[in-house]
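Chemist: The sequence isn't on hand, but the structure is:
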């Protein structure tokens, strides 16, 4: 698969679908790359509808180079996506993202509005529980490990999908990138990224001020969070809708408990957390193709 160098790091990507089609970029959540279960079939469904679809391994996912800089990990990824889109000559594009990919997509739209013509987000993380949960997943273990065992400890971290050791397995050059970065700089970035996950009254989603969200004026589709989804609360989706005046708010196109059911199926080895996204394809296509978007 091809890659491009953006801000000193290689970014793995793939374009699917006819060259003349409107461009859509799909960004999943977690530290999951474009080959994670559910992402490619979702992209292929848009390609089958005539779209030119960009899927990519964000920095710190899949086979792309590890990168550590910026106000938050989402801000770093937004900057990376902007470089990728500009080098490929793709903008303006429809930007789609779920879970952590929703946050990345919102930041991208805030920072690079000239590259976005539609924004579609679902499974949005926000609120005290899910924000603190993300801190435990993405930065707290890293800080503790660095202080005890340095970069060697980071390289040995396992136990969750998208660990640093997984990133080295997928791209061996990442080991040297981590060693060159060093424990002191790694820890400095972790503390900076940690700030995004500290719940704040003026941030509906981690690391994004409400006043920044109000700047979004591209047509936006927001899918309501599930009633029982503590990781992507219904309340957060409603808050984001209230902040983005150009947004349309819709009921989930998948079962109410899709997230919980997806986790159970994943843990049983019978499915994946992103599989339900396929149910959203018709709704998302209708919005992308609509004249006004709202």
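Modeler: Received, thanks. Only a predicted model underlies this, so the values are computations on that prediction, with no experimental measurement involved. Residues are numbered from 1 along each chain as shown.

Chemist: For residue 100, which non-adjacent residue is closest in space?
Modeler: Among residues not flanking residue 100 along the chain, residue 29 sits closest, at 3.7 Å (Cβ to Cβ, 6 or more residues apart in numbering). Quick note: C-beta positions are derived from backbone N, CA and C, even for glycine.

Chemist: so the one you found, which of the three states?
Modeler: Using DSSP: H, G, I helix; E, B strand; the rest coil, the structure places residue 29 in coil.

Chemist: hey, what's residue 205 bridged with?
Modeler: residue 208 (DSSP bridges).

Chemist: Please report how far the residue nearest to residue 265 when sequence neighbours are not counted lies from residue 262.
Modeler: Leaving aside its sequence neighbours, residue 265 sits nearest to residue 271 (Cβ to Cβ, 6+ apart; 3.0 Å). The gap separating residue 271 from residue 262 is 6 Å, by Cβ to Cβ, to the nearest Å.

Chemist: what do you get for residue 288?
Modeler: According to Cβ to Cβ, residue 288 stands 24 Å off from residue 262.

Chemist: for the most centrally placed residue in the chain, what are its contacts?
Modeler: Averaging the C-alpha coordinates of the chain gives a centre point, and the residue nearest to it by Cα atoms, centre = their mean is residue 101 (1.9 Å). Contact analysis of residue 101 by Cβ atoms under 8 Å, 6 or more residues apart in numbering lists 26-29.

Chemist: Surely residue 228 is in contact with residue 263?
Modeler: No: using Cβ atoms under 8 Å, residue 228 makes no contact with residue 263, being 11.7 Å away.

Chemist: Any idea how far the longest helix along the chain is from the middle of the chain?
Modeler: Criterion DSSP state H: the longest helix present in the chain is helix 173-197. Remark: helix 173-197 is offset 19 Å from the chain centroid, using Cα atoms, centre = their mean, to the nearest Å.

Chemist: Residue 134 contacts residue 197, doesn't it?
Modeler: Yes: if you go by Cβ under 8 Å, residue 134 and residue 197 touch, sitting 5.2 Å apart.

Chemist: Show me the common contact partners of those two, please.
Modeler: What both residue 134 and residue 197 touch, as defined by Cβ under 8 Å, 6+ apart, is the set residue 206.
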